[in-house]
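> starting from these lines, generate the structure:
(2 chains)
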Amino acid sequence: MNRMPTPTSPFKAGGVALLAALGLAACAGGDYPDTPLPTSASASSSATTAAPTTPVSCDNATQTYDPLASVPARSQITDGAMSDIIQRGYLRVGVSADSYLLGANNPRTGQIEGFDIDVARAIAEAIFGDPNKARLVVITAADRIPALQDGRVDLVARNMTMNCARWQDIAFSSEYYHAGQKILVGIDSKATSLDDLKGQRVCAPTGTTSLAKLQEVNDQVGGISIVTAANHTGCLVKFQQGEADAITGDDTVLAGLAAQDPYAKVPDSEAITDEPYGLGIAKENTYFVQYVNAVLDEMRADGRWTKIYNTWLAPSLGKAPKPPTPVYGR
Amino acid sequence: MTQIASTPTTPSAVGAGQPGGAVSTATSGAAERRAQSRRHYFTGTPGRMRLMAAIASALCLAFALAGFTGLRGVQTSVDRASANTEQVVRARAIYADLLAADAAVTNGFLVGGLESAASRKTYDEAMARVAENIATAASAQEADGKALAALNEEVQNYAANIDRARTYNREGKPVGAQYLRIAGTDLRAQALPIADAVATANEGRAEDAYGIGAPGWLALGTGLVALGGLLAIAVWLARRTHRYVNLPLTAAILLVGAALGLAAWHVTQVANTLNDARNGEYKAATALAQARAAAYDAKANESLTLIARGSGQTFEKAYQDSSAKTLDKLQELVNADPAQDSLRSRFGAYTVKHSAIRKADDSGDWTGAVKLATSDAADSANDTFRQFDQAASTVLAQEVKSITTAFDRIGGWLLPWVAGGAAALAALLAGRSMSRRIEEYR
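All right, here's what the predicted structure looks like:
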């Protein structure tokens, strides 16, 4: 071996290589690239910006059928649709469960309550002598007309604006509440109308006339940053989380929102739009419309309307005004 | 000859490679002999023998290296498969527990302003498991760190919104229900996709690790080539020298053969274990983990349907989708592990209760439907769901346990050293195998 001058011993080389291999094996612990995050991490809550329904111009949106001369007793009613209701034993009413003060679920009692609900209960009481005969079916705003058309409900009491477009599909009772679009702002704000909200973020729910009006005003004055949410309560959440400085909508709805947040107020000002609320009834049930109009007339006359208003809306909107004047003759 | 003259060997140059200082005083004749031997190192019969010895040694050495790294690689693969599987199950557990928490808190909202202690406990426990699993997962896989940090942020946002929802709900304000909806929507839109991405990434890592991998096959291939080469050299030598057995070379052949056999046996065993686990327990565990998550999603949507009170068609649709997915994944579980057939019927028992709730609500009896949906009595919707969930958790734990046990049983940490050492020894022997014969030519 000594006489063989091997330039590099295979064993030395082998040793080096083995060490290198050891190093390799040691490195194989797990060098994975970073776990990729989902790319579409932002879920848009307002992806569908439905085009607001443009009100068909007409001059008799609040005009309805003449009321019955007096509210008839149950036994005197011969109309088919109303006989069905009487036969069934209860009145099915489409309502909202998240419009505070108008129609909202009370978590403590599990009951839906509010101004709209009490009006509906008054109709049930007129028919059956018992306000609890109104069975409430919660429906979405978009579901109001279809629910009437396919007979899932007999009546809709869900802050529904009477307009000519809707008269094409359904009938309305006489106006039972006159709402108007206003703004809700922080307690310290000096703004009283949309014009004062330049440079601020204003929230309105998608697919509403409120949003359309907001866009219209912004086109004139400019500088308002428009924020949208799925509904008004969603706007309140954005307001509370600092994503919106103000909310616009019907004064009744805004009153409900302000009542949930001591740092919000609805400034006293002229409404920018007129939103006459009517009870929705299937188009063909004209007798039932006349019946309901007679009941509403009684309520206006005997102070029940004022009492209901004061129960739900006075704390937020002030004392009850004179009830809306019905327009008949359709 | 000119070559010799042109490459003069200076004493210092030679001395460096030579042991002992005596050589440095070597005569010019000795230097000539060395130079000649270098020139003729690989020529003539002794030269060819040296070449063959070098080739044999190199083959053995190559096998030593490939065998050692390859078998170590196989071990790494097993460790990774085990660790990645645990991480997959962990990520799926985070996913399922988030939905479990959401199902509990949503069901609690149905009761009224004050949720029951039981549903609060379920929520708290699920969220505690989520926190623990995120922490464990972050330390288990560095590559998941960023994703888990993002997930952690989303989980905190979710918990904050749930707390706001609770507070408003206690005060009887409808905005509480809105916070609950936002929490649930964000959970599904933001948090769950991250948990899913972590699970999917680790499924990919686990799939890759559920195989022997290139180093393992390279080790066996190198071993075969080395063995073949050694045998060919042995035959060549026997023909050349008319001696049938060269002892060092034969020993090298035996060592390489033994090491190769050992490696092949081990690699086959590991391949079988990994393959069995991949087609059995691993498939079962991942399917069941997904089934649990889908089941919780269905349960949460059941409550949301009632909270929406008549406007819950989209939630009922989501229930139907999740319920169908649960049954699909449970079928995958049964395909992978036929013994787990009972989970399907357990989930089926719950879906019957759900149908009764829907029937009550659809016929206008919302209060009755809520009673059915929030009751914790025996055989209620909540009770049948709990029974399904407990059974599913037990089965999931079993499947994961049987994977890790099977992998632990593989062992063989000494094997790379034994096989690599044997081949290295063979290299040594093969390198020396010709020296005796070469001596004869001097």
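> roughly how far out does the helix or strand harbouring B:D186 sit from the chain middle?
Assessed by DSSP states H and E, B:D186 sits inside helix B:175-186. With CA atoms, centre = their mean, to the nearest Å as the basis, helix B:175-186 stands 38 Å off its chain's centre.
> list the buried residues of stretch B:223-236.
B:223, B:226-227, B:229-230, B:233-234 (16 or more other CB atoms under 10 Å in any protein chain shown). All C-beta atoms are positioned from the backbone trio N, CA, C, and that covers glycine.
> C-alpha coordinates for the next helix or strand after the helix holding B:D186, PDB please?
For helix B:175-186, the following helix or strand on the C-terminal side (DSSP H and E) is helix B:192-209. Taking only C-alpha atoms (Å, rounded to 0.1, in the frame of the first residue of the first chain), the coordinates of helix B:192-209 have been written out as PDB:
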ATOM      1  CA  LEU B 192     -63.200  29.600   6.900                       C
ATOM      2  CA  PRO B 193     -61.600  30.000   3.500                       C
ATOM      3  CA  ILE B 194     -58.200  30.500   5.200                       C
ATOM      4  CA  ALA B 195     -58.700  27.400   7.400                       C
ATOM      5  CA  ASP B 196     -59.700  25.600   4.200                       C
ATOM      6  CA  ALA B 197     -56.500  26.800   2.500                       C
ATOM      7  CA  VAL B 198     -54.400  25.600   5.300                       C
ATOM      8  CA  ALA B 199     -56.000  22.200   5.200                       C
ATOM      9  CA  THR B 200     -55.700  22.000   1.400                       C
ATOM     10  CA  ALA B 201     -52.000  23.000   1.500                       C
ATOM     11  CA  ASN B 202     -51.300  20.300   4.000                       C
ATOM     12  CA  GLU B 203     -53.300  17.800   2.100                       C
ATOM     13  CA  GLY B 204     -51.000  18.500  -0.800                       C
ATOM     14  CA  ARG B 205     -47.900  18.100   1.400                       C
ATOM     15  CA  ALA B 206     -49.300  14.900   2.900                       C
ATOM     16  CA  GLU B 207     -50.000  13.500  -0.500                       C
ATOM     17  CA  ASP B 208     -46.500  14.200  -1.600                       C
ATOM     18  CA  ALA B 209     -45.100  12.500   1.500                       C
END
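> elements contacting helix B:192-209?
helix B:44-111, helix B:145-170 (3 or more CB pairs under 8 Å, 6 or more residues apart in numbering or on different chains; DSSP states H and E).
> just checking, what packs against the helix holding B:D186?
Using 3+ CB pairs under 8 Å, 6+ apart as the contact test, the elements touching helix B:175-186 are helix A:232-240, helix B:44-111, helix B:145-170, helix B:283-308.
> report the angle between the axes of the first one and helix B:145-170?
The one in question is helix A:232-240. Per axes from the mean of the first three to the mean of the last three CA atoms, to 10 degrees, the angle that helix A:232-240 makes with helix B:145-170 is 110 degrees.
> among the buried residues of stretch B:223-236, name the ones in helices.
In helices, judged by DSSP state H, the following of those are found: B:223, B:226-227, B:229-230, B:233-234.
> format those residues as a markdown table; extra columns: pLDDT and distance to A:V266.
Below are those laid out as a markdown table (pLDDT from 0 to 100; distance: CB to CB, whole Å):
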| residue | pLDDT | distance to A:V266 |
| --- | --- | --- |
| B:G223 | 93 | 85 |
| B:A226 | 93 | 89 |
| B:L227 | 94 | 91 |
| B:G229 | 93 | 93 |
| B:L230 | 91 | 95 |
| B:I233 | 90 | 99 |
| B:A234 | 89 | 101 |
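> ok, and the closest non-adjacent residue to the most centrally placed residue in chain B?
The structure's chain B has its C-alpha centroid closest to B:A81; by CA atoms, centre = their mean the separation is 2.1 Å. Computed as CB to CB, 6 or more residues apart in numbering or on different chains, the closest residue to B:A81 that is not its neighbour in sequence is B:A209, at 3.9 Å.
> give me the below-cutoff pLDDT ranges for the chain.
You didn't pick a chain, so chain A it is. Residue ranges of chain A with pLDDT under 70: A:1-30, A:40-58, A:207.
> chain B is the one I meant
Residues of chain B meeting the criterion pLDDT under 70: B:1-29, B:33-43, B:113, B:310-311, B:441-442.
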